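In: The following block contains a protein sequence and its predicted model.
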Amino acid sequence: MSFVALESGRLEVLDIAGDAGLPALVLLHEGLGSVRLWRGFPSALADATGARVVAFSRFGHGASDRPPQPRTPRFMHEEALEVLPALLTAMDLPEPILVGHSDGASIALIHASRHPVRAVVAMAPHVFVEEMCLVEIRAAKRTYEAEGLRERMARHHDDPDTAFYGWNDVWLHPDFPRWDIRDVLPEIACPMLLIQGMQDQYGTLAQLDAVEASAAGPVERLHPDCHHAPHLEAPEETLAAITAFVRSLTAVARP
């Protein structure tokens, strides 16, 4: 593990070398995630694709510095349009394939609407707020404060309170139910692979339907029999789909 210094602070980074002729895969974690919580997925993805794979912990997560300012309901736009471009520049990652999970998938979509990327893999993205998601996030607060989630998160985050409340407080902000990124979807022209578990407790397939209906580029979909984390709960199926998707892109680029 290493760190990359940006103007706003240091980010914890995992950088797995790969074929310089292939677009790099940049992983964007979920709301409570970090580099370590991807577990073996980055290495498996690097082995399967041969590409460079980069994962990082957002500010306030893992071993990264605390956020430079309090998060607001626009934090995913700020991550997509300010932090991620700075990181990609610092690490020389032009036009990567973005692989995002949950909040990270939403960040990937927002970024792709404004910046050139080779493709997006969006696992369990949020493009608008569903009540079932808020129910789970309210339950997570109870679990964190009274049922041991804080202690479990402390294994993966230097400051678990910053990581948890930076996510939970924003999602439960009274303005957040109106959060909606469907307006940016028509600006996404790159190929996309959308993955969502059939038993996802944080959202319905209406999220993927909205992306497919509005995006300008080609869309593929996968619906494994799992909950919110396909890369951990259905790893073989998810890895195979992402690998085939990446190979289809590089076959076009490198006949």
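Out: All right, it came through fine.
In: As a check, name the ranges of all helices in the stretch 1-150 of the chain.
Out: For the stretch 1-150 of the chain, the helices defined by DSSP state H, counting those that start in this stretch occupy 41-49, 75-78, 84-90, 103-112, 131-146, 149-153.
In: D180 pairs with what?
Out: F128 (DSSP bridges).
In: for it, what are its contacts?
Out: Contacts for D180 were tallied using CB atoms under 8 Å, 6 or more residues apart in numbering; they are V127, F128, V129. Where you see a C-beta, it was placed from the backbone N, CA and C, and this is true even at glycine.
In: dump the residue contacts of the last one.
Out: Right, the one you point to is V129. F176, P177, R178, W179, D180.
In: ok, so of these, who is nearest G18?
Out: W179 (34.8 Å; CB to CB).
In: Could you report the pLDDT at that closest one?
Out: pLDDT, W179: 97.
In: what's the span of stretch 201-221 from first residue to last?
Out: Across stretch 201-221, the terminal residues are separated by 18 Å (CA to CA, to the nearest Å).
In: Show me which residues of it are buried.
Out: By neighbour count on 16 or more other CB atoms under 10 Å, the buried set for stretch 201-221 is Y202, G203, Q207, L208, A210, V211, E212, S214, A215, V219.
In: Okay, and which of those residues map to strands?
Out: Among the buried residues of stretch 201-221, the ones falling in strands (DSSP state E) are V219.
In: Distance to T72 and pLDDT added to the buried residues of stretch 201-221, as a markdown table?
Out: As requested, the buried residues of stretch 201-221 are exported to a markdown table (distance: CB to CB, whole Å; pLDDT from 0 to 100):
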| residue | distance to T72 | pLDDT |
| --- | --- | --- |
| Y202 | 21 | 97 |
| G203 | 22 | 97 |
| Q207 | 22 | 98 |
| L208 | 26 | 98 |
| A210 | 23 | 98 |
| V211 | 24 | 98 |
| E212 | 29 | 98 |
| S214 | 25 | 98 |
| A215 | 26 | 97 |
| V219 | 30 | 98 |
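In: Which of the buried residues of stretch 201-221 sits closest to A139?
Out: Ranked by distance to A139 (CB to CB), these are led by Y202 at 11.0 Å.
In: ok, now how distant is that closest one from T89?
Out: To T89, Y202 is 32 Å away according to CB to CB, to the nearest Å.
In: Which of the contacts of V129 ranks first by neighbour count?
Out: Each of the contacts of V129 was scored for neighbours by other CB atoms under 10 Å, and W179 scores highest at 19 neighbours.
In: what about that residue, distance to Y144?
Out: 21 Å.
In: quick one on the thing from earlier: make a markdown table out of the contacts of V129 and add distance to V135.
Out: Formatted as a markdown table, these follow (distance: CB to CB, whole Å):
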| residue | distance to V135 |
| --- | --- |
| F176 | 14 |
| P177 | 12 |
| R178 | 17 |
| W179 | 16 |
| D180 | 19 |
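In: Which pair of these spans the longest distance?
Out: Most distant of those, by CB to CB, are F176 and D180, 10.3 Å apart.
In: Burial check on the residue nearest to G9 when sequence neighbours are not counted, number of neighbours?
Out: Leaving aside its sequence neighbours, G9 sits nearest to D65 (CB to CB, 6 or more residues apart in numbering; 3.5 Å). Residues lying near D65 (other CB under 10 Å) number 19.
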